[in-house]
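> What follows is a predicted structure for the sequence shown.
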Amino acid sequence: MRLCDFAQEYVIRVGGSPGYAEQLRVLTKRLPWHVSDLTVDKIDRYLTTALQSLASTTVNNHRRMLNTLRKAALREGLLRDECIRPIRRVKAIFPEVRAWSHEEIKHLISTAKTLTGNTAHCPLNVFMPAYIVFAYTSGLRLGDMLAIRWDQVRGHRLSLVIHKTSQQHVVVLTDQALAAIASLPRRGSGRIFGDLVSRRQFINHFRALVRKAELPGSSKFLRRSSATYAELSGIDATGHLGHRTADMKKRYLDIVILSENRRAVPALT
């Protein structure tokens, strides 16, 4: 059996999310393997070669997925491998996380209010400030931001299923976030942001906004800033972001901003 076919069947069998299915599809597309190729030695050779051209974090993810498929193949009797040692380790070096400070976010909002032009159905100087405030306070990804609907908002709570993990998640909305979306027109299928702009249009508009504000980064910085300031305020960023694995939050926290609550060592006298 081809590895790509086995990966598809595995996702269906375990009820994997669309995001996980896509990750496995991209990986197995790179590897024209069969299930019988999921041996420790062959996986080791692939990981060693991949580290020459791919980031260590990417190769570490490949290691995890290949190990999962290998264990599934062994359980189902589709693979025979007498090697009992573990697959080689991959040291994942995560780049330093950069988020926007409160002052930078305020500057981004004030710049957004000066924009001219429109999305498909809303002035940019109305849409962009509302998006920034809501994304920053909620910590949601772009895909989930464009998918959320008005009928999912219940008072100060927003209940949704996160697309990447297929897990239910509840966002606590601030008064500022509710006031921001109250200014937006309602159209079509009832999506708060998705009925007003397409994903591609949003990316282009936001990229232009960041350039005008003379700031580094992209819309992903809003999620990082949200996680960082939640953690700084004593709110666990794991639950705030909707993650199930506590270790994941380290990929979103700006340690420089987190150091704001620290004090320097007292001077010697």
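Structure's in. What do you need?
> okay, CA-based contacts and neighbour counts for the rest of this
Fine.
> And the strands in the stretch 101-250 of the chain?
153-154, 157-161, 168-172 (DSSP state E, counting those that start in this stretch).
> Serialize those to a markdown table and add fields for mean neighbour count and mean pLDDT.
Listed next are these as a markdown table, based on neighbours: other Cα atoms under 10 Å; pLDDT from 0 to 100:
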| stretch | mean neighbour count | mean pLDDT |
| --- | --- | --- |
| strand 153-154 | 14 | 95 |
| strand 157-161 | 16 | 95 |
| strand 168-172 | 16 | 94 |
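> Select, out of those, the one closest to residue 193.
Residue 193 lies closest, by Cα to Cα, to one member of the strands of the stretch 101-250 of the chain: strand 153-154, at 13.1 Å.
> so what strands line up beside that closest one?
strand 157-161 (antiparallel) (DSSP bridges).
> now the angle from the strand it pairs with to strand 168-172?
160 degrees (axes from the mean of the first three to the mean of the last three Cα atoms, to 10 degrees).
> Which residues does strand 157-161 contact?
Contact with strand 157-161 is made by 148, 152-153, 167-173, as judged by Cα atoms under 8 Å, 6 or more residues apart in numbering.
> now do stretch 74-92
35-36, 38-41, 43-44, 47, 56-57, 59-60, 63, 67, 70, 73.
> do the same with stretch 132-149
109, 160, 162-163, 171-174, 176-178, 180-181, 190-195, 199, 219-220, 222-227, 240-241.
> Can you tell me which of the residues you listed are buried?
109, 160, 162, 171-173, 177-178, 180-181, 191-195, 219-220, 222-227, 240-241 (16 or more other Cα atoms under 10 Å).
> okay, residue 135: pLDDT?
In this prediction, residue 135 carries a pLDDT score of 96.
> With residue 14 instead?
pLDDT at residue 14 comes out at 87.
> Same check on the one 4 residues further on?
On pLDDT, residue 18 comes in at 82.
> Helices of this protein, residue ranges please.
3-14, 18-30, 40-50, 56-75, 102-112, 124-138, 142-147, 175-182, 199-213, 220-232, 237-241, 255-258 (DSSP state H).
> Output the ones you listed in a markdown table; the columns should cover distance to residue 118.
Below are the helices of the chain laid out as a markdown table (distance: least, Cα to Cα, whole Å):
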| stretch | distance to residue 118 |
| --- | --- |
| helix 3-14 | 41 |
| helix 18-30 | 31 |
| helix 40-50 | 44 |
| helix 56-75 | 37 |
| helix 102-112 | 12 |
| helix 124-138 | 5 |
| helix 142-147 | 17 |
| helix 175-182 | 16 |
| helix 199-213 | 10 |
| helix 220-232 | 22 |
| helix 237-241 | 30 |
| helix 255-258 | 34 |
